[in-house]
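Colleague: My questions concern the predicted model and sequence given below.
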Amino acid sequence: MEKRARGRPAKDRAAQRDHLMRVATEVLLSAGFARFTIDAVAKEGGLAKKTIYQMVPNREALVGAIVASWTDRFAGEDGTGEREIPLAALLARIHRVALSREAVSLFRMIVSDPEAREKLGSIYGENGIERGVGSVVARLADETDLPTETRESVARALLATLIGEPLRRAALGLEAPYDLTDEAVEARVSAALTLFAPLLEGRGREV
């Protein structure tokens, strides 16, 4: 007798996780971190708490999963794009993700709420900032002749220019980078690459 496969199909699990990320993001950004609980997410999303705990161990890890689901878009882990895209295209993608309305709202929450800052600062850094740095370092390794020991510092400086300052201004309500057109984002990326051109000379192929 043929044995039947046990458990939920992978496609269903992926859809369930996507649903959880959407609902959890809505609850987090609308209710704030103090009211962000597994109970609240389960109720809002019509999910069993057991199902959520099978995916994440606690609410802090759930926030990490939310941020990781955003950075998957430029890290090539969500299946929607190439893993090895040119540097300029990667930077434009990072700009769109890191400066999205949701990402700006979460950043503002973390810097303004002491509890959120204490419990989410490192989680945000690991799942957001460090994944961005890692992606840029990989592109610099392929497209430039930068020595291994300098790639990370250049990547961090490049992202600080392209993302850090706009994110600070967005958190203060001085600009809305998520409303920029594709042309405006590309112009920002071009300006940043021009600024860093002296460091990036000798790259293997055009970005």
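Modeller: Looks like it came in fine.
Colleague: What helix or strand is the nearest residue to F33 once chain neighbours are set aside located in?
Modeller: Nearest residue to F33, sequence neighbours excluded (C-beta to C-beta, 6 or more residues apart in numbering): A116, at 4.0 Å. For every residue, glycine as well, the C-beta is placed using N, CA and C. Using DSSP states H and E, A116 falls within helix 114-124.
Colleague: Just the CA trace of that helix, in CSV.
Modeller: C-alpha atoms of helix 114-124 as CSV (Å, rounded to 0.1, in the frame of the first residue of the first chain):
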residue,chain,number,x,y,z
PRO,A,114,12.8,52.5,24.3
GLU,A,115,11.4,48.9,24.7
ALA,A,116,11.4,48.4,20.9
ARG,A,117,15.0,49.8,20.7
GLU,A,118,16.2,47.4,23.4
LYS,A,119,14.6,44.3,22.1
LEU,A,120,14.6,44.9,18.3
GLY,A,121,17.8,46.9,17.6
SER,A,122,20.1,43.9,17.1
ILE,A,123,17.3,41.9,15.3
TYR,A,124,16.7,44.8,12.9
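Colleague: Now do that helix: which elements does it pack against?
Modeller: Judged by 3 or more C-beta pairs under 8 Å, 6 or more residues apart in numbering; DSSP states H and E, helix 114-124 is in contact with helix 59-75, helix 101-112.
Colleague: which stretch in these has the least confidence?
Modeller: Among the helices and strands packed on helix 114-124, helix 59-75 carries the lowest mean pLDDT, a mean of 93.
Colleague: ok, residues contacting that one?
Modeller: By C-beta atoms under 8 Å, 6 or more residues apart in numbering, the surrounding residues in contact with helix 59-75 are 18, 20-21, 24-25, 28, 33, 36-38, 41, 52, 55-56, 78, 80-81, 83, 90, 93-94, 96-97, 100, 102-103, 106, 119-120, 123-124, 126-128, 131-132, 134-135.
Colleague: rerun at 7 Å
Modeller: Contact partners of helix 59-75, identified using C-beta atoms under 7 Å, 6 or more residues apart in numbering, comprise 21, 24-25, 28, 36-38, 56, 78, 80, 90, 93-94, 97, 103, 119-120, 123-124, 127-128, 131-132, 135.
Colleague: which of these count as buried?
Modeller: For the contacts of helix 59-75, a burial check counting by 16 or more other C-beta atoms under 10 Å picks out 21, 24-25, 28, 36-38, 56, 90, 93-94, 97, 103, 119-120, 123-124, 127-128, 131-132, 135.
Colleague: and the helix holding A116 with helix 101-112, angle?
Modeller: Angle between the axes of helix 114-124 and helix 101-112 is 120 degrees (criterion: axes from the mean of the first three to the mean of the last three C-alpha atoms, to 10 degrees).
Colleague: what comes up buried for the next helix or strand after helix 114-124?
Modeller: Beyond helix 114-124 on the C-terminal side, the first helix or strand identified by DSSP H and E is helix 130-143. Neighbour-count burial for helix 130-143 flags 131-133, 135-140, 143 (criterion: 16+ other C-beta under 10 Å).
Colleague: I am finished for the moment; much appreciated.
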